Structure formats: C-alpha cells, structure tokens
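>>> Show me the folded form of this:
(2 chains)
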Protein chains: 2
Amino acid sequence: MTEKNIQVLLARRPEGEVRTSDFKIVETPVPQIADGQLLVRNHYLSLDPYMRGRMSAAKSYAQSVDIDQVMVGGTVGQVVASKHSGYQVGDHVLGAFGWQLYGVSDGTGLTKLAERGVPLSAYLGVIGMPGVTAYVGLMDIGQPKSGETVVVSAASGAVGSVVGQIAKIKGCRAVGIAGGPEKCAYVTKELGFDACVDYKLGRLTEDLAKAVPNGIDIYFENVGGPIFDKVLARMNPFGRIPLCGLISQYNAIEPYGLKNIGSILINRIRLQGFIVSDHFPRWTEAIKNIAQWMQEGRIKYRESVAQGIENAPAAFIGLLAGKNFGKQLVKLI
Amino acid sequence: MTEKNIQVLLARRPEGEVRTSDFKIVETPVPQIADGQLLVRNHYLSLDPYMRGRMSAAKSYAQSVDIDQVMVGGTVGQVVASKHSGYQVGDHVLGAFGWQLYGVSDGTGLTKLAERGVPLSAYLGVIGMPGVTAYVGLMDIGQPKSGETVVVSAASGAVGSVVGQIAKIKGCRAVGIAGGPEKCAYVTKELGFDACVDYKLGRLTEDLAKAVPNGIDIYFENVGGPIFDKVLARMNPFGRIPLCGLISQYNAIEPYGLKNIGSILINRIRLQGFIVSDHFPRWTEAIKNIAQWMQEGRIKYRESVAQGIENAPAAFIGLLAGKNFGKQLVKLI
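Numbering: from 1, shown residues only, chains lettered A, B, ... in the order given. Modelled structure (predicted):
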C-alpha cells in the first residue's frame, strides 16, 4: 500500500486541446477517518469524455472542477479502514473519489459491490455508467424495434460497443462508425455488428450509404461534427437520435455548424439529449440485463488500461483523440 | 362566375429565391364532372411556407409538384355542380384543389364545412391546418406546464400567433420573435403575448435575454438559422423544441450551420420535427378547442389577403420574405 495519497489536480482550464500541463500531480498524506467514515484505496479510475466539460468554466450540466481541486471521476476500490457500521475492511465499492489513490466517505453516493463473478473494473464500464448510458439511451430514447437499423458513432468505445450489441440482441441491424481498420474489425468480428464504417478513410458518405441500405432508424450520437451531418442525410422518417455526447466538439474553440437540420423536420425525427444521471430509476434493470447478457456471451467488452495515476492525464488526452480501444481505465494498484 | 378556369402552374424549379417567372398562369376550360363527382368554385387559396419544398425536386416529406402542373394548396369554396349523392350545390367545402379557380372531386380528401359562425377563410387558418399545427406542436410535443416560458418564432404568422395564444391559455409566459415594430406591437397588444422580440433590430441576444428572465422551456420553431442558435443558448434543462418549419432556410442555397447543438446535450432537450398531416387523429380535438377559445375571445387572428389568382405568386414570394401579417390568403372570387 502506498504511504502517501497521490492526487491529480486541475492546474488550469484548457483552451482547445487538453495538455498534460493543464494538470498537476501532488502527494498528500493518506486521509484520517472520523466516526461514521471509511477509507477506500482506489483500484481503478474511470476516464470519460464528460470530464472535458468539467475542466471548463462554461455552463454545463454539472459544476466545473475548481482550479487546484482533484479531478472528478468514478472509481472502484476496496475499503482499507472503516469506522462505518455498514462497511468492513475488504469490501469492494464503487464511488466517485476522482483522480487519486485514496478516498474518504460517509457512505453517501457509495455502492457496495455484490459478487457477480465479473472483474472489478467492469463496474466502471460495461456494467457501470457507460453500460447503463448505452442501455437507457438506446432502449428509452431510441426505442428499437426488430428489423430497424441502428447506427452508433464511437462504436468501439465504452458506450458505443454496448449500444450495438444491445441493438443486435433486440433484432436490429447494428452499424458502427469508428476510426481505423483495427477498431472496425473489432466492432464487426468480435462484437458482432453487421457493419462498421471507418470515417478516417474520408468517404463516409459513400461507405455509410452501403452499410445502411434501408436507411437509419436510430442514430446513437457520441461524436457530433461532420459525421452527424452525414448521418442526418440518411435518416429514415420517424427516426430517433439519442444524443449522448459530442466528443469531436469538446476541444473545439469554434463549434461545428450542423447543416442538415432540415432532415429533422422532413423526417419528423426526435433528437433528444440525455445524461445517465437523470435516469437512476433505470439503473437496476439496466445492470441486471447487461450482466445476464454478459453471462450468455452476448455482450463482450474490451478495456484500455493505463498504468499508474501519473499516467491519467496522458490517457485522458488519448481518450479525447480516440486512441483508446473500449473502456479507458487507469489502474491505480 | 368566371367562365374559364385560371390555374397557376409551376414553370420551373427555383434556385434560391422564388421569382414570379417560376410560375405560369394559364386559362383552361371549366372542368366537366362525371357521375359521382362534384365541381367546386374555390373562394380562398391558402399560401403556406411548405409549398416552397414542393417546388424543389429534392426529397421532402411529400412529392414535388411536377413542371407544368398546378401548384398544390388548400382551398375553401362552394359546390357549383354535383353528381355526387353526398354534396349539393351551395355546400361549403374545404379541399386541396391548389392554385386554381375550380376543382373536381369524388369526395376524397374533401371536408364539408359545418356552420360555426366563422368566416369561410378561417378554415384555412386559425381553425384549419395552421391552427391544428400550432395545437399539436405545442400541446403534444411541447407539453406546456403552467408557469413555463414558451417562445415562438414567426410569432405574428398563421401558426405562431395561435401557439402563443394557446400558451397563454395554458398559463405560460408567451414570448414572440417577429420582424419589425408593427408585428411586435400586434403580438403583444392584440394577441396578448407577454413580450415580443424584434429580430430586425439586430440585438436578439440581449433582447431575448430580457424577455425570458427565467430561460426558455419550450421553443416552437418556425424559422431556423441564426435565430435558432440564439434561442438554443437560453434553453432551460429538459426543454422541448417542436420543429415546425425552417422558413429562413427554404430559399437558401447553402444551409445555415447550427452551432449550439451542445445545448441540446447539456440541457437534455427534446427537439422533434413534426408535420400536422401525421396527426389526423388530433384534428377534431384541436378544432373543437380552438373554436371554443375563439368564441370566448381568447384566440384572435388576422389575415393578409391578396386579391385574385394572378397575384398568388407575388403573395407567396412575400410570405417567404415575411411580408404577410397573420395568415396569407388569396381571394379568388
């Protein structure tokens, strides 16, 4: 066990691209706990695109991280000291202790993890926030019907990979959009999507047309920008677009101007932004179904794991650039 | 009664701005009717923004008008000859006979108008397609709750004027966006909106901020373009945007690029395109309520009436440029 807590603080607000110098790594004492509290040693930190928004002062759906404060983030770990009647040393917990090795809690917002036979890290991915995001966005907003075509961008990512696999389970044609031949091969051969379009080939319009011969009924949007415009051009009447993320725009100084708004009118499309934290009542059902599908071998996942808290900033920058493959984690132990 | 039928045909497909030379006016014989048919002399022709789409070859939600065919459009008129058991000479009917003086029908798509004590022309406006469009878009997609703020663009138009008045009836703050001081004065003083922002003053951002101190819960969108972007910047969490029209874009060669898509994500907004013809089951309720509110003096309307079929092209071009005041009609008799 490390004797010191190591923390990653926000050093300054990035303009445009995030740089490692926007973060500051500090050593602090391991916190002491009071009565009713417990101390957690984090094993994995989750890195997610939404964190880019927390680095900015601009209005978003959650409060910004203050300068010199610990970066926010989901974590899984183990209780190493407890003065809380509900927790014992050795318990595994899901929390939001941020980019650091240790966290103190009075139990608020903490989830004790039942033994499901899945690795601890999966609670940050496929059966955690990204998995539930995929489930809620596709099922509640997308409302897939058998035989429909579902397209998802960032298809090899933590959310996108689950979206396409649930679409297949629901009897849909699943088409991914991803960057590069390795990601596309993973999406079709390992995850079982019907097709994957490599946007980096620069012929998205033509390749998408071939991949969706019957048009698009549901577009699960993670990226924004010109890809969104090209997908809009192939949407079917009464299509649904769960808007989950706009990762191509998070570093942008000047946002991309979306031109095909006319398709939303002409095709009577429903475009709906959502955030998984608004949908807590759906969490239990989502986790239960995803865990079941995992056991049946119908949902697979992959992780990109950076080693050591010191490498969290570089891994996060890589995530924003699409360098990860599946769920991006940082191993802290 | 005119001895000849006069028709306005589509002469060529406009690129960008519509010109009178895109139309051709012809005289043809008054049609003869066969058994089971009836002949209608049209009294009013409705001019509506959607007609711009029908002039283009591009895919839209309805088929284009072919070159040298009569322009499509809603009409009200009177039966002048009948070999149809359901119609007698003198009956008033709502139909879609297009830009011409006479129409023949076997009854399909025709509505016999009951005596409600409202002028015939109102069936093309406030208690016709535009009124039902306002009702369905606001009530079913917007889902207004008392105390919310509703903003509507093209607020003095046939649809927008009804949207704001229903919003007031439902206990909302109603704010219009319109072009010029006369339209804004009409919207607030005659229609009873709480505020109206004149976008032609060139300070929409500031004036909108003042008009919606508590942000915007529902934006009923008729125009698109930069106005849409500025409204998006002031939307509240969980806002709804019924997307009814994009009139600022209909003549555009290159569509405007919408930048504030991020607001849809951050605020979990539902943006939904709709077309009233998809909502026929709602027609009866909508007309019943609007007629009732009219009788109670709670819904008012105004018409811009061009005189004579020959002036339909110029009136339509004026409509696209926002020169009309309330519902744009052409009087044919």
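>>> interface residues of the stretch 201-333 of chain A facing chain B?
Contact residues (C-beta under 8 Å from any C-beta of the partner chain) of the stretch 201-333 of chain A with chain B: A:224, A:228, A:237, A:243-246, A:249, A:254-262, A:264-275, A:278. From N, CA and C alone the C-beta is placed, and that goes for glycine too.
>>> which residue sits closest to whatever residue of chain A ends up closest to chain B, ignoring its sequence neighbours?
Here the residue of chain A nearest chain B is A:G257; by C-beta to the nearest C-beta that distance is 1.8 Å. For A:G257, ignoring the flanking residues on the chain, the nearest one in space by C-beta to C-beta, 6 or more residues apart in numbering or on different chains is B:G257 at 1.8 Å.
>>> if I look at that neighbour, how far off is A:L246?
14 Å (C-beta to C-beta, to the nearest Å).
>>> just A:H279 next, same as before
19 Å.
>>> Which one of the two is surrounded by more residues?
A:L246 (24 against 17; other C-beta atoms under 10 Å in any protein chain shown).
>>> The more buried one reaches A:I227, doesn't it?
No: A:L246 is not in contact with A:I227 according to C-beta atoms under 8 Å; the separation is 10.4 Å.
>>> what's the burial count for the residue of chain A closest to chain B?
Residues lying near A:G257 (other C-beta under 10 Å) number 16.
>>> The one 5 residues further on too?
Other residues within reach of A:G262, judged by other C-beta under 10 Å, total 22.
>>> tell me the secondary structure for it?
Using DSSP: H, G, I helix; E, B strand; the rest coil, the structure places A:G262 in helix.
>>> surely it meets B:L258?
No: counting by C-beta under 8 Å, A:G262 sits too far from B:L258 to count as a contact (10.6 Å).
>>> Please name the residues that touch A:D91.
The neighbours of A:D91, taking C-beta atoms under 8 Å, 6 or more residues apart in numbering or on different chains as the test, are A:78-79, A:82, A:112-113.
>>> want to throw those residues into TSV with secondary structure, neighbour count and distance to chain B?
TSV is the format used below for the contacts of A:D91 (DSSP: H, G, I helix; E, B strand; the rest coil; neighbours: other C-beta atoms under 10 Å in any protein chain shown; distance: C-beta to the nearest C-beta, whole Å):
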residue	secondary structure	neighbour count	distance to chain B
A:Q78	strand	17	35
A:V79	strand	20	34
A:S82	strand	18	37
A:K112	strand	13	29
A:L113	coil	17	28
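>>> Name the helix or strand for the residue nearest to A:T205 when sequence neighbours are not counted, please.
Among residues not flanking A:T205 along the chain, A:K230 sits closest, at 5.5 Å (C-beta to C-beta, 6+ apart). Per DSSP states H and E, A:K230 falls inside helix A:226-232.
>>> Same question for A:V76.
If you go by DSSP H and E, A:V76 is part of strand A:75-82.
>>> Tell me how many other residues surround A:A312.
25.
>>> Tell me the secondary structure of it, please.
At A:A312 the chain is in helix, as set by three-state DSSP.
>>> my guess is it contacts A:V8, does it?
Yes: with contact taken as C-beta under 8 Å, A:A312 and A:V8 are classed as touching, separated by 5.4 Å.
>>> Pull up the overlap in contacts between the two.
The contact sets of A:A312 and A:V8 overlap at A:23, A:71, A:99 (C-beta under 8 Å, 6+ apart).
>>> Please flag which of these sit within strands.
Mapping those onto strands (DSSP state E) picks out A:F23.
>>> Neighbour count and pLDDT for the shared contacts of A:A312 and A:V8 - can I get that in JSON lines?
Listed next are the shared contacts of A:A312 and A:V8 as JSON lines, based on neighbours: other C-beta atoms under 10 Å in any protein chain shown; pLDDT from 0 to 100:
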{"residue": "A:F23", "neighbour count": "22", "pLDDT": "98"}
{"residue": "A:M71", "neighbour count": "22", "pLDDT": "98"}
{"residue": "A:W99", "neighbour count": "27", "pLDDT": "98"}
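>>> got the shared contacts of A:A312 and A:V8 as a markdown table, with distance to chain B columns?
Output for the shared contacts of A:A312 and A:V8, formatted as a markdown table (distance: C-beta to the nearest C-beta, whole Å):
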| residue | distance to chain B |
| --- | --- |
| A:F23 | 24 |
| A:M71 | 19 |
| A:W99 | 23 |
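>>> Take the shared contacts of A:A312 and A:V8 and write them to TSV, including distance to B:L45.
TSV is the format used below for the shared contacts of A:A312 and A:V8 (distance: C-beta to C-beta, whole Å):
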residue	distance to B:L45
A:F23	66
A:M71	63
A:W99	66
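>>> buried stuff in stretch A:32-44?
For stretch A:32-44, the neighbour count (16 or more other C-beta atoms under 10 Å in any protein chain shown) marks A:33, A:37-44 as buried.
>>> end to end, how far does it reach?
Stretch A:32-44 has an end-to-end distance of 21 Å (C-alpha to C-alpha, to the nearest Å).
>>> chain center to that stretch: distance?
Distance, stretch centre to chain centre, for stretch A:32-44: 26 Å (C-alpha atoms, centre = their mean, to the nearest Å).
>>> Provide the contact partners of that stretch at residue level.
A:1, A:30-31, A:75-84, A:87, A:93, A:95, A:97, A:100-107, A:120-121, A:124, A:329-333.
>>> tell me which element the closest residue to A:G164 other than its chain neighbours is part of?
Among residues not flanking A:G164 along the chain, A:A174 sits closest, at 4.1 Å (C-beta to C-beta, 6+ apart). Assigned by DSSP H and E, A:A174 falls within strand A:173-178.
>>> Heading C-terminal from that strand, find the next helix or strand.
Per DSSP H and E, the first helix or strand lying C-terminal to strand A:173-178 is helix A:181-185.
>>> Direction included, what does the very next helix or strand once past that following helix pair up with?
Next along the chain after helix A:181-185, taking DSSP H and E as the criterion, comes strand A:195-198. The strands beside strand A:195-198 in its sheet (DSSP bridges) come out as strand A:173-178 (parallel).
>>> is it fair to say A:P281 lies in a helix?
Yes: using three-state DSSP, the assignment for A:P281 is a helix.
>>> And the helices in chain A, which stretches?
With DSSP state H as the criterion, chain A has helices at A:51-54, A:129-136, A:160-169, A:181-185, A:204-211, A:226-232, A:261-266, A:283-295, A:312-320.
>>> could you measure the residue of chain A positioned farthest from its centre against A:G90, distance?
Centroid-distance maximum for chain A: A:D35 at 34.7 Å, with C-alpha atoms, centre = their mean. Going from A:D35 to A:G90 by C-beta to C-beta gives 20 Å.
>>> Also A:A321?
38 Å.
>>> Kindly check the end-to-end length of stretch A:257-268 for me.
Span of stretch A:257-268 from end to end, C-alpha to C-alpha: 21 Å.
>>> Sorry, wrong one. I was asking about stretch A:53-71.
Its first and final residues considered, stretch A:53-71 spans 11 Å by C-alpha to C-alpha.
>>> Could you do stretch A:302-310 as well?
End-to-end distance of stretch A:302-310 (C-alpha to C-alpha): 22 Å.
>>> contacting residues around that stretch?
By C-beta under 8 Å, 6+ apart, stretch A:302-310 touches A:6-8, A:25, A:45, A:47, A:99-101, A:121, A:125, A:156, A:161, A:186, A:190, A:312, A:314-315, A:323-332.
>>> From the chain's centroid, how far away is it?
On C-alpha atoms, centre = their mean, the centre of stretch A:302-310 falls 15 Å from that of its chain.
>>> Over to stretch A:285-296?
18 Å.
>>> What residues of that stretch count as buried?
Those buried within stretch A:285-296 under the rule 16+ other C-beta under 10 Å are A:286-287, A:289-291, A:293-294.
>>> what about the helix holding A:K230, average pLDDT?
For helix A:226-232, mean pLDDT rounds to 97.
>>> Since that was my last question, I'll sign off now.
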